[in-house]
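Engineer: here is my input; please provide its structure:
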Amino acid sequence: MWMLGLFSVLIILQGALRKWWLPGLSTPLYVAKDVALIGAVVLFGTWSDFRLPTPIKRTVLPSVWGLFAIVVIAQAFNFNFPTVIGSAVGVRSYLLYSLLLVLMPVAMEHVRRPERWIIAIALCIIVPVLLLGMYQYNQPLDAWINQYVRDDQELAAVAGRPRITGTFSYVGGMGAFLTFSLFFGLATTLAGLLHKHRWYKWVGVAVLGLAIVVAPMNGSRSVVLGALVPLPFVLYALFKDRRGRAAVVGLSILVLLAGYAIGQSTWASEGWINLEERATTASDRDTRITSMLTDPAKKLSVGGLFGYGTGATHQGAGALAPGGRIDIPGVYYEGEFGRVIVELGIVGGLLYLFLKVILAWLAWQALKRANNAWHTLLAVLTFSVVLLPVVSGMIVFNHINGAIYWLCAGIAVWLWSKQEVYLRHHRPQKPAR
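Structural biologist: Reported below is the predicted structural model:
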(Lines give C-alpha, C1' and ligand atoms only; values in the text may rest on other atoms or scores of the structure.)
Protein backbone atom coordinates (compact mmCIF):
# COMPACT_ATOMS: atom_id res chain seq x y z
CA MET A 1 0.00 0.00 0.00
CA TRP A 2 3.03 2.30 -0.16
CA MET A 3 1.90 3.46 -3.63
CA LEU A 4 -1.41 4.56 -2.11
CA GLY A 5 0.54 6.49 0.53
CA LEU A 6 2.61 8.12 -2.21
CA PHE A 7 -0.59 9.14 -3.98
CA SER A 8 -1.90 10.78 -0.80
CA VAL A 9 1.38 12.65 -0.20
CA LEU A 10 1.50 13.90 -3.79
CA ILE A 11 -2.04 15.23 -3.49
CA ILE A 12 -0.77 17.54 -0.74
CA LEU A 13 2.72 18.37 -2.02
CA GLN A 14 2.59 18.31 -5.83
CA GLY A 15 1.40 21.94 -5.95
CA ALA A 16 4.38 23.10 -3.87
CA LEU A 17 6.78 21.17 -6.08
CA ARG A 18 5.22 22.65 -9.23
CA LYS A 19 5.23 26.23 -7.91
CA TRP A 20 8.48 26.60 -6.00
CA TRP A 21 11.00 23.82 -6.55
CA LEU A 22 10.47 22.12 -9.92
CA PRO A 23 8.39 24.48 -12.07
CA GLY A 24 9.94 23.04 -15.22
CA LEU A 25 8.36 19.67 -14.40
CA SER A 26 4.87 21.03 -13.77
CA THR A 27 3.00 18.63 -16.04
CA PRO A 28 4.91 15.44 -15.03
CA LEU A 29 4.37 16.29 -11.37
CA TYR A 30 0.65 16.83 -12.01
CA VAL A 31 0.43 13.38 -13.61
CA ALA A 32 2.65 11.71 -10.97
CA LYS A 33 -0.13 11.26 -8.42
CA ASP A 34 -2.32 9.53 -11.03
CA VAL A 35 0.58 7.24 -11.94
CA ALA A 36 0.99 6.39 -8.25
CA LEU A 37 -2.71 5.53 -7.96
CA ILE A 38 -2.63 3.41 -11.11
CA GLY A 39 0.46 1.68 -9.70
CA ALA A 40 -1.43 0.96 -6.48
CA VAL A 41 -4.30 -0.52 -8.48
CA VAL A 42 -1.95 -2.72 -10.54
CA LEU A 43 -0.04 -3.95 -7.48
CA PHE A 44 -3.27 -4.59 -5.63
CA GLY A 45 -4.65 -6.54 -8.59
CA THR A 46 -1.60 -8.81 -8.66
CA TRP A 47 -1.93 -9.65 -4.96
CA SER A 48 -5.67 -10.16 -4.58
CA ASP A 49 -9.02 -9.91 -6.30
CA PHE A 50 -10.03 -6.39 -7.26
CA ARG A 51 -13.50 -6.23 -5.76
CA LEU A 52 -15.65 -4.37 -3.27
CA PRO A 53 -16.26 -5.70 0.26
CA THR A 54 -18.86 -8.46 0.33
CA PRO A 55 -21.59 -6.52 2.23
CA ILE A 56 -21.41 -3.69 -0.33
CA LYS A 57 -22.11 -6.15 -3.13
CA ARG A 58 -25.60 -6.64 -1.68
CA THR A 59 -26.40 -2.95 -2.18
CA VAL A 60 -27.16 -0.99 -5.36
CA LEU A 61 -23.79 0.77 -5.22
CA PRO A 62 -21.91 -1.64 -7.55
CA SER A 63 -24.70 -1.49 -10.16
CA VAL A 64 -24.95 2.30 -10.13
CA TRP A 65 -21.16 2.70 -10.16
CA GLY A 66 -20.90 0.27 -13.08
CA LEU A 67 -23.67 1.97 -15.09
CA PHE A 68 -22.10 5.35 -14.46
CA ALA A 69 -18.73 4.06 -15.68
CA ILE A 70 -20.36 2.70 -18.83
CA VAL A 71 -21.98 6.07 -19.57
CA VAL A 72 -18.72 7.97 -18.96
CA ILE A 73 -16.74 5.66 -21.25
CA ALA A 74 -19.46 5.68 -23.93
CA GLN A 75 -19.55 9.49 -23.85
CA ALA A 76 -15.81 9.53 -24.54
CA PHE A 77 -16.78 8.62 -28.12
CA ASN A 78 -19.35 11.41 -28.47
CA PHE A 79 -18.93 13.08 -31.87
CA ASN A 80 -19.70 16.49 -30.34
CA PHE A 81 -16.26 16.38 -28.72
CA PRO A 82 -14.05 14.44 -31.14
CA THR A 83 -10.70 14.54 -29.35
CA VAL A 84 -8.95 11.54 -27.81
CA ILE A 85 -6.84 13.50 -25.32
CA GLY A 86 -9.74 15.61 -24.08
CA SER A 87 -11.95 12.55 -23.66
CA ALA A 88 -9.17 10.69 -21.83
CA VAL A 89 -8.80 13.61 -19.42
CA GLY A 90 -12.55 13.51 -18.86
CA VAL A 91 -12.65 9.76 -18.18
CA ARG A 92 -9.77 10.14 -15.73
CA SER A 93 -11.58 12.95 -13.87
CA TYR A 94 -14.79 10.94 -13.49
CA LEU A 95 -13.51 7.43 -12.82
CA LEU A 96 -9.85 7.13 -11.82
CA TYR A 97 -10.15 8.29 -8.21
CA SER A 98 -13.35 6.28 -7.75
CA LEU A 99 -11.12 3.16 -7.70
CA LEU A 100 -10.38 4.17 -4.12
CA LEU A 101 -13.74 2.60 -3.27
CA VAL A 102 -11.93 -0.72 -3.66
CA LEU A 103 -8.45 0.24 -2.44
CA MET A 104 -9.34 2.06 0.79
CA PRO A 105 -11.27 -0.80 2.46
CA VAL A 106 -8.20 -3.01 2.05
CA ALA A 107 -5.85 -0.27 3.27
CA MET A 108 -8.00 0.36 6.36
CA GLU A 109 -7.67 -3.28 7.40
CA HIS A 110 -3.93 -2.66 7.86
CA VAL A 111 -4.37 0.29 10.24
CA ARG A 112 -2.98 -0.46 13.68
CA ARG A 113 -2.85 2.01 16.58
CA PRO A 114 -5.23 4.53 14.95
CA GLU A 115 -4.30 7.21 17.51
CA ARG A 116 -0.81 7.36 16.02
CA TRP A 117 -2.23 7.80 12.52
CA ILE A 118 -4.52 10.64 13.62
CA ILE A 119 -1.76 12.45 15.48
CA ALA A 120 0.63 11.99 12.54
CA ILE A 121 -1.92 13.33 10.02
CA ALA A 122 -2.67 16.29 12.26
CA LEU A 123 0.90 17.26 13.18
CA CYS A 124 2.74 16.27 9.98
CA ILE A 125 0.20 17.30 7.33
CA ILE A 126 -2.72 19.47 8.43
CA VAL A 127 -1.04 21.81 10.94
CA PRO A 128 2.05 22.57 8.75
CA VAL A 129 -0.13 23.38 5.71
CA LEU A 130 -2.39 25.62 7.81
CA LEU A 131 0.61 27.44 9.33
CA LEU A 132 2.07 27.89 5.85
CA GLY A 133 -1.22 29.40 4.72
CA MET A 134 -1.20 31.79 7.65
CA TYR A 135 2.36 32.85 6.77
CA GLN A 136 1.33 33.30 3.14
CA TYR A 137 -1.56 35.53 4.13
CA ASN A 138 0.77 37.92 5.93
CA GLN A 139 3.21 38.25 3.03
CA PRO A 140 2.99 40.85 0.24
CA LEU A 141 1.15 39.94 -2.94
CA ASP A 142 4.42 39.92 -4.89
CA ALA A 143 6.29 37.70 -2.40
CA TRP A 144 7.86 34.53 -3.77
CA ILE A 145 5.50 32.36 -1.76
CA ASN A 146 2.40 33.94 -3.29
CA GLN A 147 2.18 32.49 -6.77
CA TYR A 148 0.27 29.95 -8.82
CA VAL A 149 1.64 27.20 -11.04
CA ARG A 150 0.92 29.49 -13.96
CA ASP A 151 3.14 32.40 -12.98
CA ASP A 152 1.53 34.63 -15.60
CA GLN A 153 -1.86 34.41 -13.88
CA GLU A 154 -2.75 37.39 -11.69
CA LEU A 155 -2.89 36.54 -8.00
CA ALA A 156 -6.37 36.72 -6.47
CA ALA A 157 -6.61 39.03 -3.46
CA VAL A 158 -9.15 40.36 -0.96
CA ALA A 159 -8.64 43.77 0.68
CA GLY A 160 -5.00 43.76 -0.38
CA ARG A 161 -4.36 40.33 1.14
CA PRO A 162 -3.61 37.24 -0.97
CA ARG A 163 -6.12 34.42 -1.22
CA ILE A 164 -3.92 31.67 0.16
CA THR A 165 -3.04 28.53 -1.79
CA GLY A 166 -0.76 26.73 0.71
CA THR A 167 1.03 23.79 -0.88
CA PHE A 168 -1.55 23.61 -3.68
CA SER A 169 -1.41 24.96 -7.21
CA TYR A 170 -4.40 27.27 -6.99
CA VAL A 171 -6.98 28.71 -4.61
CA GLY A 172 -9.50 25.91 -5.24
CA GLY A 173 -7.13 23.16 -4.09
CA MET A 174 -6.39 24.93 -0.82
CA GLY A 175 -10.10 25.55 -0.35
CA ALA A 176 -10.79 21.81 -0.57
CA PHE A 177 -8.02 21.11 1.95
CA LEU A 178 -9.35 23.75 4.35
CA THR A 179 -12.82 22.22 4.24
CA PHE A 180 -11.29 18.81 4.98
CA SER A 181 -9.29 20.32 7.86
CA LEU A 182 -12.45 21.77 9.40
CA PHE A 183 -14.18 18.40 9.13
CA PHE A 184 -11.13 16.58 10.52
CA GLY A 185 -10.99 18.93 13.52
CA LEU A 186 -14.74 18.60 14.09
CA ALA A 187 -14.68 14.79 13.84
CA THR A 188 -11.67 14.38 16.12
CA THR A 189 -13.07 16.77 18.73
CA LEU A 190 -16.49 15.11 18.80
CA ALA A 191 -14.95 11.62 19.02
CA GLY A 192 -12.80 12.77 21.94
CA LEU A 193 -15.69 14.41 23.78
CA LEU A 194 -18.16 11.61 23.14
CA HIS A 195 -15.88 8.74 24.17
CA LYS A 196 -13.65 10.67 26.62
CA HIS A 197 -10.57 10.05 24.51
CA ARG A 198 -7.93 12.52 25.71
CA TRP A 199 -5.66 12.49 22.67
CA TYR A 200 -8.51 12.90 20.18
CA LYS A 201 -9.95 15.72 22.25
CA TRP A 202 -6.79 17.82 22.38
CA VAL A 203 -5.69 17.13 18.81
CA GLY A 204 -9.20 17.89 17.55
CA VAL A 205 -9.49 21.18 19.44
CA ALA A 206 -6.06 22.32 18.20
CA VAL A 207 -6.78 21.47 14.55
CA LEU A 208 -10.31 22.85 14.61
CA GLY A 209 -9.23 26.11 16.23
CA LEU A 210 -6.39 26.65 13.78
CA ALA A 211 -8.59 25.72 10.80
CA ILE A 212 -11.25 28.22 11.89
CA VAL A 213 -8.63 30.97 11.91
CA VAL A 214 -7.07 30.04 8.55
CA ALA A 215 -10.19 29.04 6.57
CA PRO A 216 -11.36 32.60 5.69
CA MET A 217 -7.86 33.51 4.46
CA ASN A 218 -8.61 31.48 1.34
CA GLY A 219 -11.23 34.10 0.49
CA SER A 220 -13.75 31.45 -0.57
CA ARG A 221 -17.27 31.76 0.77
CA SER A 222 -17.96 28.11 -0.06
CA VAL A 223 -15.22 26.93 2.32
CA VAL A 224 -16.91 28.58 5.29
CA LEU A 225 -20.54 28.02 4.33
CA GLY A 226 -19.93 24.52 2.96
CA ALA A 227 -18.48 23.38 6.26
CA LEU A 228 -21.84 24.17 7.90
CA VAL A 229 -23.88 21.91 5.59
CA PRO A 230 -23.24 18.55 7.34
CA LEU A 231 -23.20 20.02 10.86
CA PRO A 232 -26.97 19.74 11.65
CA PHE A 233 -27.01 16.11 10.48
CA VAL A 234 -23.94 15.23 12.54
CA LEU A 235 -25.32 16.86 15.69
CA TYR A 236 -28.69 15.17 15.17
CA ALA A 237 -27.05 11.75 14.86
CA LEU A 238 -25.04 12.27 18.05
CA PHE A 239 -27.96 13.73 20.02
CA LYS A 240 -29.52 10.29 20.49
CA ASP A 241 -28.28 9.71 24.07
CA ARG A 242 -26.94 11.57 27.10
CA ARG A 243 -23.29 11.13 26.10
CA GLY A 244 -24.01 12.54 22.67
CA ARG A 245 -25.87 15.53 24.06
CA ALA A 246 -23.00 16.22 26.44
CA ALA A 247 -20.54 16.09 23.52
CA VAL A 248 -22.68 18.52 21.50
CA VAL A 249 -22.87 20.92 24.46
CA GLY A 250 -19.11 20.63 24.95
CA LEU A 251 -18.49 21.37 21.27
CA SER A 252 -20.81 24.39 21.42
CA ILE A 253 -18.94 25.80 24.40
CA LEU A 254 -15.58 25.29 22.66
CA VAL A 255 -16.80 27.03 19.49
CA LEU A 256 -18.15 29.97 21.48
CA LEU A 257 -14.85 30.32 23.35
CA ALA A 258 -12.92 30.09 20.08
CA GLY A 259 -15.16 32.73 18.51
CA TYR A 260 -14.63 35.07 21.45
CA ALA A 261 -10.86 34.53 21.38
CA ILE A 262 -10.70 35.18 17.62
CA GLY A 263 -12.79 38.33 18.02
CA GLN A 264 -10.34 39.68 20.59
CA SER A 265 -7.30 39.04 18.39
CA THR A 266 -6.51 41.29 15.44
CA TRP A 267 -4.36 38.78 13.56
CA ALA A 268 -6.83 35.94 14.08
CA SER A 269 -9.91 37.92 13.05
CA GLU A 270 -8.46 39.74 10.02
CA GLY A 271 -9.26 36.88 7.65
CA TRP A 272 -12.88 36.86 8.79
CA ILE A 273 -13.19 40.63 8.44
CA ASN A 274 -11.82 40.57 4.89
CA LEU A 275 -14.01 37.63 3.93
CA GLU A 276 -17.05 39.51 5.22
CA GLU A 277 -16.05 42.46 3.06
CA ARG A 278 -15.78 40.24 -0.01
CA ALA A 279 -19.14 38.61 0.71
CA THR A 280 -20.92 41.95 1.07
CA THR A 281 -19.32 43.62 -1.95
CA ALA A 282 -19.34 40.71 -4.43
CA SER A 283 -21.44 41.33 -7.50
CA ASP A 284 -23.20 37.95 -7.15
CA ARG A 285 -23.94 38.17 -3.44
CA ASP A 286 -27.73 38.21 -3.98
CA THR A 287 -27.89 35.55 -6.68
CA ARG A 288 -25.09 33.09 -5.92
CA ILE A 289 -27.08 30.52 -3.94
CA THR A 290 -30.13 30.81 -6.19
CA SER A 291 -28.07 30.40 -9.35
CA MET A 292 -26.21 27.44 -7.83
CA LEU A 293 -29.51 25.65 -7.13
CA THR A 294 -31.13 26.46 -10.46
CA ASP A 295 -28.09 25.94 -12.67
CA PRO A 296 -28.67 22.18 -13.22
CA ALA A 297 -32.22 22.84 -14.44
CA LYS A 298 -30.90 25.41 -16.91
CA LYS A 299 -28.35 22.92 -18.23
CA LEU A 300 -30.98 20.24 -18.98
CA SER A 301 -31.89 21.81 -22.32
CA VAL A 302 -28.21 22.39 -23.11
CA GLY A 303 -26.93 18.86 -22.44
CA GLY A 304 -30.09 17.12 -23.58
CA LEU A 305 -30.39 13.37 -23.31
CA PHE A 306 -26.88 12.47 -24.50
CA GLY A 307 -24.69 15.53 -23.80
CA TYR A 308 -21.58 16.84 -25.53
CA GLY A 309 -19.14 14.17 -24.42
CA THR A 310 -16.84 13.28 -21.54
CA GLY A 311 -14.35 16.10 -20.87
CA ALA A 312 -16.15 18.62 -23.10
CA THR A 313 -16.23 21.34 -20.42
CA HIS A 314 -13.12 20.29 -18.49
CA GLN A 315 -10.65 23.12 -17.95
CA GLY A 316 -7.82 20.83 -19.01
CA ALA A 317 -9.39 20.34 -22.43
CA GLY A 318 -8.52 23.91 -23.35
CA ALA A 319 -4.82 23.10 -23.08
CA LEU A 320 -4.69 19.41 -24.02
CA ALA A 321 -7.36 18.98 -26.68
CA PRO A 322 -6.62 20.31 -30.19
CA GLY A 323 -10.05 21.91 -30.46
CA GLY A 324 -10.18 23.15 -26.86
CA ARG A 325 -13.18 22.63 -24.65
CA ILE A 326 -16.74 23.09 -25.84
CA ASP A 327 -17.71 26.76 -25.89
CA ILE A 328 -21.48 27.27 -25.94
CA PRO A 329 -22.60 30.93 -26.12
CA GLY A 330 -24.42 32.02 -23.00
CA VAL A 331 -23.46 28.88 -21.05
CA TYR A 332 -21.21 29.21 -18.00
CA TYR A 333 -19.43 26.39 -16.22
CA GLU A 334 -19.21 27.27 -12.52
CA GLY A 335 -21.57 24.67 -11.06
CA GLU A 336 -20.38 21.07 -11.33
CA PHE A 337 -23.71 19.24 -11.60
CA GLY A 338 -24.74 21.46 -14.51
CA ARG A 339 -21.44 20.77 -16.25
CA VAL A 340 -21.89 17.02 -15.78
CA ILE A 341 -25.29 17.28 -17.48
CA VAL A 342 -23.71 19.21 -20.36
CA GLU A 343 -21.06 16.52 -20.77
CA LEU A 344 -22.94 13.28 -20.01
CA GLY A 345 -26.52 14.29 -20.71
CA ILE A 346 -29.53 13.87 -18.44
CA VAL A 347 -29.04 10.11 -17.95
CA GLY A 348 -25.39 10.48 -16.97
CA GLY A 349 -26.19 13.41 -14.71
CA LEU A 350 -28.85 11.44 -12.84
CA LEU A 351 -26.51 8.46 -12.37
CA TYR A 352 -23.81 10.81 -11.09
CA LEU A 353 -26.23 12.31 -8.55
CA PHE A 354 -27.57 8.90 -7.53
CA LEU A 355 -24.04 7.60 -6.94
CA LYS A 356 -23.25 10.50 -4.60
CA VAL A 357 -26.55 10.06 -2.74
CA ILE A 358 -25.88 6.33 -2.19
CA LEU A 359 -22.42 7.02 -0.77
CA ALA A 360 -23.81 9.75 1.50
CA TRP A 361 -26.51 7.34 2.73
CA LEU A 362 -23.94 4.63 3.53
CA ALA A 363 -21.85 7.19 5.42
CA TRP A 364 -24.98 8.33 7.30
CA GLN A 365 -25.77 4.76 8.34
CA ALA A 366 -22.17 4.32 9.50
CA LEU A 367 -22.43 7.52 11.54
CA LYS A 368 -25.57 6.35 13.34
CA ARG A 369 -23.99 2.98 14.12
CA ALA A 370 -20.58 4.22 15.33
CA ASN A 371 -19.97 3.05 18.89
CA ASN A 372 -16.30 3.78 19.66
CA ALA A 373 -13.94 6.73 19.31
CA TRP A 374 -12.16 5.49 16.17
CA HIS A 375 -15.37 4.68 14.31
CA THR A 376 -17.05 7.90 15.43
CA LEU A 377 -14.12 9.96 14.17
CA LEU A 378 -14.15 8.20 10.79
CA ALA A 379 -17.94 8.36 10.52
CA VAL A 380 -18.22 12.10 11.23
CA LEU A 381 -15.32 12.88 8.88
CA THR A 382 -16.44 10.72 5.97
CA PHE A 383 -20.11 11.67 6.22
CA SER A 384 -19.23 15.37 6.23
CA VAL A 385 -16.93 15.00 3.23
CA VAL A 386 -19.28 12.88 1.09
CA LEU A 387 -22.45 14.81 1.93
CA LEU A 388 -21.20 18.22 0.85
CA PRO A 389 -20.79 17.42 -2.91
CA VAL A 390 -24.41 16.23 -3.00
CA VAL A 391 -25.35 19.87 -2.41
CA SER A 392 -22.37 21.76 -3.87
CA GLY A 393 -18.67 21.44 -4.52
CA MET A 394 -16.60 19.88 -7.27
CA ILE A 395 -15.23 16.34 -7.24
CA VAL A 396 -14.85 15.98 -11.02
CA PHE A 397 -13.40 19.36 -11.98
CA ASN A 398 -11.31 19.92 -8.83
CA HIS A 399 -8.83 17.05 -8.59
CA ILE A 400 -7.82 17.85 -4.98
CA ASN A 401 -11.42 17.79 -3.82
CA GLY A 402 -12.06 14.69 -5.91
CA ALA A 403 -9.13 12.83 -4.34
CA ILE A 404 -10.24 13.76 -0.81
CA TYR A 405 -13.84 12.79 -1.61
CA TRP A 406 -13.04 9.33 -2.96
CA LEU A 407 -10.51 8.62 -0.19
CA CYS A 408 -13.23 9.34 2.38
CA ALA A 409 -15.89 7.49 0.36
CA GLY A 410 -13.64 4.42 0.38
CA ILE A 411 -13.24 4.69 4.15
CA ALA A 412 -17.03 5.03 4.52
CA VAL A 413 -17.51 1.86 2.45
CA TRP A 414 -15.05 0.02 4.71
CA LEU A 415 -16.67 1.28 7.91
CA TRP A 416 -20.22 0.48 6.78
CA SER A 417 -19.15 -3.00 5.62
CA LYS A 418 -17.39 -3.71 8.91
CA GLN A 419 -20.48 -2.63 10.86
CA GLU A 420 -22.72 -4.71 8.60
CA VAL A 421 -20.65 -7.85 9.20
CA TYR A 422 -20.79 -7.27 12.96
CA LEU A 423 -24.57 -6.74 12.90
CA ARG A 424 -25.15 -9.88 10.82
CA HIS A 425 -23.15 -11.98 13.27
CA HIS A 426 -24.90 -10.53 16.32
CA ARG A 427 -28.43 -10.22 14.95
CA PRO A 428 -30.92 -12.40 16.90
CA GLN A 429 -31.69 -15.57 14.97
CA LYS A 430 -35.31 -16.47 14.30
CA PRO A 431 -36.29 -19.73 16.02
CA ALA A 432 -36.65 -22.67 13.66
CA ARG A 433 -40.18 -23.88 13.10
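Engineer: against residue 103, how distant is residue 42?
Structural biologist: 11 Å (CB to CB, to the nearest Å). C-betas here are computed from N, CA, C, even on glycine.
Engineer: more neighbours, those two?
Structural biologist: Between residue 42 and residue 103, counted using other CB atoms under 10 Å, residue 103 has the larger neighbour count: 21 against 12.
Engineer: that one sits in which helix or strand?
Structural biologist: helix 100-108 (DSSP states H and E).
Engineer: where are the low-confidence patches of the stretch 201-350 of the chain?
Structural biologist: 283-288, 316-325, 329-330 (pLDDT under 70).
Engineer: would you map the helices across it?
Structural biologist: Counting by DSSP state H, counting those that start in this stretch, the stretch 201-350 of the chain has helices at residues 221-226, 231-238, 242-263, 266-281, 288-303, 317-320, 336-369.
Engineer: would you list those in JSON lines and tack on mean neighbour count and distance to residue 112?
Structural biologist: What follows is the helices of the stretch 201-350 of the chain, written out as JSON lines (neighbours: other CB atoms under 10 Å; distance: least, CB to CB, whole Å):
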{"stretch": "helix 221-226", "mean neighbour count": "20", "distance to residue 112": "33"}
{"stretch": "helix 231-238", "mean neighbour count": "17", "distance to residue 112": "27"}
{"stretch": "helix 242-263", "mean neighbour count": "14", "distance to residue 112": "26"}
{"stretch": "helix 266-281", "mean neighbour count": "15", "distance to residue 112": "37"}
{"stretch": "helix 288-303", "mean neighbour count": "16", "distance to residue 112": "43"}
{"stretch": "helix 317-320", "mean neighbour count": "17", "distance to residue 112": "42"}
{"stretch": "helix 336-369", "mean neighbour count": "22", "distance to residue 112": "21"}
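Engineer: columns distance to residue 145 on top of these, output as TSV?
Structural biologist: Output for the helices of the stretch 201-350 of the chain, formatted as TSV (distance: least, CB to CB, whole Å):
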stretch	distance to residue 145
helix 221-226	20
helix 231-238	32
helix 242-263	24
helix 266-281	17
helix 288-303	30
helix 317-320	25
helix 336-369	30
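Engineer: quick one: secondary structure of the residue lying closest to residue 162 once chain neighbours are set aside?
Structural biologist: Excluding its sequence neighbours, the residue lying closest to residue 162 (CB to CB, 6 or more residues apart in numbering) is residue 146, at 4.6 Å. Put simply, residue 146 is coil when judged by DSSP: H, G, I helix; E, B strand; the rest coil.
Engineer: I'd say residue 146 and residue 137 touch.
Structural biologist: No: at 9.1 Å, residue 146 does not count as touching residue 137 under the criterion of CB atoms under 8 Å.
Engineer: more neighbours: which of those two?
Structural biologist: Between residue 146 and residue 137, residue 137 has the larger neighbour count (other CB under 10 Å), namely 23 against 20.
Engineer: leaving out sequence neighbours, find the closest residue to the more buried one.
Structural biologist: residue 217 (4.3 Å).
Engineer: shaky segments in the stretch 51-200 of the chain?
Structural biologist: Applying pLDDT under 70 to the stretch 51-200 of the chain picks out residues 151-152.
Engineer: distance of residue 120 from residue 273?
Structural biologist: Residue 120 is 34 Å from residue 273, by CB to CB.
Engineer: residue 338 is in contact with residue 397, correct?
Structural biologist: No: in this structure, residue 397 is not within contact of residue 338 by CB under 8 Å, at 11.1 Å.
Engineer: what element comes up after the helix holding residue 103 heading to the C-terminus?
Structural biologist: Following helix 100-108 in sequence, per DSSP H and E, is helix 114-121.
Engineer: now what about the helix or strand just after that following helix, what contacts it?
Structural biologist: With elements assigned by DSSP H and E, the helix or strand that comes after helix 114-121 is helix 127-137. For helix 127-137, contacts defined as CB atoms under 8 Å, 6 or more residues apart in numbering pick out 12, 145-146, 161-162, 164-167, 174, 177-178, 181, 206-207, 210-211, 213-214, 217-218, 271.
Engineer: how far out from the middle of the chain is helix 127-137?
Structural biologist: Distance of helix 127-137 from the chain centroid (CA atoms, centre = their mean, to the nearest Å) equals 19 Å.
Engineer: again, but for stretch 209-227
Structural biologist: For stretch 209-227, the separation from the chain centroid amounts to 14 Å (computed by CA atoms, centre = their mean).
Engineer: equivalent analysis for stretch 12-25, please.
Structural biologist: 21 Å.
Engineer: ok, residues contacting it?
Structural biologist: Contacting residues not belonging to stretch 12-25 are listed as 26, 29-30, 32-33, 125, 129, 144-145, 147-149, 151, 165-170, 173, 177 [CB under 8 Å, 6+ apart].
Engineer: so what's the residue count around residue 371?
Structural biologist: As a burial measure, residue 371 scores 10 neighbours (other CB under 10 Å).
Engineer: and for residue 39?
Structural biologist: By the other CB under 10 Å criterion, the neighbourhood of residue 39 contains 15 residues.
Engineer: from residue 28, how far off is it?
Structural biologist: Residue 39 is 15 Å from residue 28, where distance means CB to CB.
Engineer: thinking again about what came up before, wait, the residue nearest to residue 137 sits on residue 272?
Structural biologist: No: Residue 217 lies out of contact with residue 272 (CB under 8 Å); the separation is 9.1 Å.
Engineer: sec struct for residue 78, please.
Structural biologist: Under three-state DSSP, residue 78 comes out as coil.
Engineer: cool, thanks, signing off.
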